[in-house]
Every structure is written in C-alpha cells, then in structure tokens.
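In: I'll drop the sequence and a predicted model, then ask my questions.
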Amino acid sequence: MNLALFPAFLAAGIARFGRILRRLGGIGLLLPLCACAASQAVLPPSTSLSAESLYASLYPFYAEICALGALKKKPGFGAEVSSGIGGHAVFYLNGVCRKPDSAYPVLILCEGTPGKEGVDGVGLSVNAHYANANWVAVEGRNFFFEGGMEPGQPLTREAYAAVLKEAKAKKIYDSVTFHDEVFKDMPPGFSEQDFKYEVSAATDFALAFGRNRYCGRVPMNRTQTIAMIEYLNSLNEPYRSGKASFDWSLTADNCAEMNHNTLAAALIWDLWEGGHSFLTAYFSFPVPKNEFVNLVRRTNDMEIDDLEAVWRDPSARRLLLEEGRLPTGPGAIIDLGRVIPENDVYETESPIIFYEIPIVGRYTEHFDTILTERRYYDLRENLGYFASLYERIRKARQPLDAHLQRIGSDPKERKDFSAFYRRYYAYVDKESVAVQQTKAQLEKTLPERGTLTANAL
C-alpha cells in the first residue's frame, strides 16, 4: 500500500466500522481485541427509597452516571428488543427538571429545594435512535430507574403496558424524531409514536425492567449543576435547531462521552475533545462499566493529600480555585440496581463487560475493591474515611517555602502556587468541619449502626 494514502484509508475504514457497530450494538466487534472480564464480587443490595430520600436531604444537588447491563426482551410480546453486552450508560441529575413549557427536552434548575418539597431530578439517555437530539430527559428518579414500580412488584405484561402509558403521558418523545431505520422492522399494530416507547423502555426509562445498573454519585454545588445544565442544553441545540442530524458514533457522540463531558463541565475531570480515534480507543475505550470505575476512583481515590499532585491536575486545580472544592470528597458513593426478578417481559440476566488490555488492565481488580470496601457504598463509612483523611492532611502540613523550593523559580508560577496553597488548606479546614456536621446529621437520622445495609446508606 502507498503509505501516503494510509490516513485516508484508515479514516474510511473507521467510518465503515462505526456504521457496522451502530447496527450491532456498539462494541461487540471490538471484543476480540480486549479482555472482557466479569467480576465475581458479591453486589451490595440496591438503595431503598427511604435511603435515597435521606441522601438527597444531605446532598440536594448531585450527579450520577450509571453503567447498565445488556437487555433482552422475551419473545412473543411486542417488539423484539436486545442489546450488546457492552451495555448502555445513563446520567441522572438531582435538583434539575425539564423546562415545563418546552416539548423538546430543555433542562433548568427545579423550583424549590432539592431533597425537600417533593423536588426530585431528571434522568438523561443518549440513544442511536434519535435524529434531532443527542439526549432525552425523563423526570422523576423513581420512574427513570424503576418505572415507578413498587419494591418487590412483579413486572407483568399489564404493569409494563401501564408504565408505557405513563411514559407517553410524560411526552418524552413528543418533539424527538427517530431515524427512519428504527421503524423498518416495526411489527403490525404499532403507530410510530407508540413504537418509540416500545423500543426505548429499559434503555431511556424504567431501566430496572431489563437492565442491572452500576451507578456512581457525585455531590455538586449549585454552580456546578448550572454548568452541567448549560453544557447539556448546548449539546442538543444544533439538533434542536435543525442545523445538524444526530448520528451516534462508536468513538464520539455516544452515551459514555456525554456522561464524561457533562462531568467535565463541572470540573470533575478533563474534557474528551473530539471523541476518541480508533487507535486511542484501543487503549482506553469508553465502555460504560469502565467509566463507572473511573468515576468512583476519581471521586474517592484521588491523592488529595498530595498538594503538589492536585496542583498539577488542571481540572482539580481549577475546581479548587473557582469553587473551593475538589473532585474527590465525601458523599461520592455507589448505587446499584437489579433487573426486576419476577419478570414476564425481559430476561433477568443482564451481563456487562469491561474493556481491558490483556495482562495490564486492572478494571476488574478496581471494580472488586469498590464492591467490597464499605467506604465506597456505605455513607457512614465514607464520611468517616474523609474525616480521617482531612485530619491527616492537616497534621502533615508543610510550610509554603518547602513547596516553593520544588515549584521552580518562575515568579508568576510561584505567586499562583502561593494562592493555591492558601486555598487548599482553607478547603481542608472547611471540609473537616463540614464532614463532621454531615456525620452528626446522619447519626440523628440513623442512630443504630445495625440499621445500615450495604449501599442503602
């Protein structure tokens, strides 16, 4: 081959590859290139509604990214729906609502106080079906995750039909058009509008109908929440205006990228700019379960006791200087959910894989640690861990001059670092007090240690 033509050849091949993967459920064809590992760790049980309410009272604004397992609808009832084992990813924002006078999905801050006055949040999903939107929004945490089903309620065909009727009443897709190819295999008896909901259940809403979920939560402040709202609304704008048609891609414009970059707008980590090239994706593929692990480690395990390491982290440094916060902090715990077990509509097996380079990959190891160390899923343990961490940081504090000797001689950098140093220790002092207050508030609500189980706080 003429090497001068290789870039064009590679680009064309990647484009064709992406179109094939879109039809085959995403990452299926990449699996021979990676080690697809499943963890044997015992999963903590799902968070109860009462525990969820308590968490929201402590952290009114929070974001949550979720990796969802594969789904498969049982035959003989409605459309045949299934997905690849790479799964799906969704995003939940507490304290955020759909704009009530807009049929097209637009986000705003909810009126009232999140965690009180019945104020809840909104779930977001990216789907290759959409033609004029990157994401859709579904109001109500319980409806988004559970379809509004009661704990222990079986998913009968009647219950399924009732939930789809409620979804239609929410007008989720009233101004969202789907690609024509979605309707090519539509069974007789469906209108196109009804079929939108049929093929979207357990993917865009009522996730527990057919998918297991692994979610990582991140407490946010109001400013961070507004930044995420602005980013998400801007993401949909070219499709809303008709300037572009949404076309899901393996390496960009997908669920994992939307989740990642929305958190980047809140300065949790760096932005993925321009998606992933095929070669980059080989080493760090944006699989939903990988991103779940990445988020939990970023919000719990960043070495914030190393001041100079925080200084060298651009997004963490900016978040500290602008908002007096760090990506790693108390309250960032996991939330897990299972497919409804008594299920007449979907298969209850919902596998999901990691994308790992053989030998060097460590996602399975990290995942098992997350599911076995209580500080990742038990809020009381989580708060205790950070209280101890802040105390260690305060005791190990070094004078500014000791750091400046390693920073270098550039006057501006030394000046900037000095301001950063003061802001860092002001943050640690503030958080030391705040975490004790949150612990006390939690103890008043749950005084008996034995009342806590797994990630039900």
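Out: Arrived safely.
In: contacts and neighbour counts: CA atoms only from here.
Out: OK.
In: Grab the most central residue of this protein for me.
Out: Closest to where the C-alpha atoms of the chain average out (CA atoms, centre = their mean) is Ile65, at 1.2 Å.
In: Show the pLDDT at it.
Out: We note a pLDDT of 96 for Ile65 in this prediction.
In: ditto for Asn127
Out: 94.
In: wouldn't it be in contact with Trp248 here?
Out: Yes - Asn127 lies in contact with Trp248 (CA atoms under 8 Å); the separation is 7.3 Å.
In: Of the two, give the one with the bigger neighbour count.
Out: Using other CA atoms under 10 Å as the criterion, Asn127 and Trp248 rank with Asn127 on top: 24 against 21.
In: Surely Leu54 forms part of a strand?
Out: No - according to DSSP: H, G, I helix; E, B strand; the rest coil, Leu54 belongs to no strand; its state is helix.
In: measure it to Arg312 for me?
Out: Counting by CA to CA, to the nearest Å, the gap from Leu54 to Arg312 is 36 Å.
In: who's more crowded, the two?
Out: Leu54 (18 against 10).
In: how close does that one get to Ile352?
Out: Between Leu54 and Ile352 the distance is 30 Å, computed by CA to CA.
In: what's the answer for Ile340, then?
Out: 17 Å.
In: Can you name the residues that contact Lys171?
Out: By CA atoms under 8 Å, 6 or more residues apart in numbering, the residues touching Lys171 are Ala103.
In: Recalculate using a threshold of 6 Å.
Out: Applying CA atoms under 6 Å, 6 or more residues apart in numbering to Lys171 gives no contacts.
In: Can you pull the phi/psi pair for it?
Out: Main-chain dihedrals, Lys171, degrees, to the nearest 10: phi 60, psi 40.
In: now do Gly337
Out: The phi/psi pair for Gly337 (degrees, to the nearest 10) is phi -140, psi 150.
In: try the one 10 residues further on
Out: Geometry field for Glu347 lists phi and psi as phi -70, psi 150, criterion degrees, to the nearest 10.
In: Then Ala63?
Out: phi -110, psi 160.
In: again with Thr364
Out: phi -60, psi -40.
In: From Gly87, how far out is it?
Out: For Thr364, the distance to Gly87 - CA to CA - is 16 Å.
In: who has more neighbours, these two?
Out: Of the pair Thr364 and Gly87, Gly87 is the one with more neighbours under other CA under 10 Å, namely 25 against 22.
In: In three-state terms, label Ala256 for me.
Out: Ala256 is classified as helix under three-state DSSP.
In: Relative to Gly95, how far out is it?
Out: Applying CA to CA to Ala256 and Gly95 gives a distance of 22 Å.
In: got a list of what Glu381 touches?
Out: Contacts of Glu381 (CA under 6 Å, 6+ apart): Arg375.
In: if we go to 7 Å?
Out: Contacts for Glu381 (CA atoms under 7 Å, 6 or more residues apart in numbering) come out as 374-375.
In: any idea which element it lies in?
Out: helix 379-395 (DSSP states H and E).
In: Run a quick neighbour tally on the residue lying closest to Gly121 once chain neighbours are set aside.
Out: Leaving aside its sequence neighbours, Gly121 sits nearest to Asn94 (CA to CA, 6 or more residues apart in numbering; 4.1 Å). Around Asn94 sit 26 other residues, with neighbours defined as other CA under 10 Å.
In: Look up how far Thr113 lies from Asn94.
Out: 11 Å.
In: same deal with Asn212?
Out: Separation of Asn212 from Thr113 (CA to CA): 30 Å.
In: ok, now Ile65?
Out: The value you get for Ile65 to Thr113, if CA to CA is used, is 22 Å.
In: any idea how far the residue nearest to Ala103 when sequence neighbours are not counted is from Pro188?
Out: Nearest residue to Ala103, sequence neighbours excluded (CA to CA, 6+ apart): Ser175, at 5.8 Å. Taking CA to CA as the criterion, Ser175 is separated from Pro188 by 24 Å.
In: Pretty sure Cys97 sits in a strand.
Out: Yes - judged by three-state DSSP, Cys97 forms part of a strand.
In: Is it correct that it is in contact with Glu111?
Out: No - Cys97 is not in contact with Glu111 according to CA atoms under 7 Å; the separation is 8.4 Å.
In: Mind checking which of the two has more residues around it?
Out: The residue with more neighbours, out of Cys97 and Glu111, is Cys97; 24 against 11, by other CA under 10 Å.
In: that older thread, compare Asn212 and Thr113 and say which one has the larger neighbour count.
Out: It is Asn212, of Asn212 and Thr113, that has more neighbours when counted by other CA under 10 Å, with 25 against 15.
In: Count the residues that sit near the closest residue to the more buried one other than its chain neighbours.
Out: Sequence neighbours aside, Arg338 is the residue nearest to Asn212 in space, at 4.3 Å (criterion: CA to CA, 6+ apart). By other CA under 10 Å, the residues close to Arg338 number 22.
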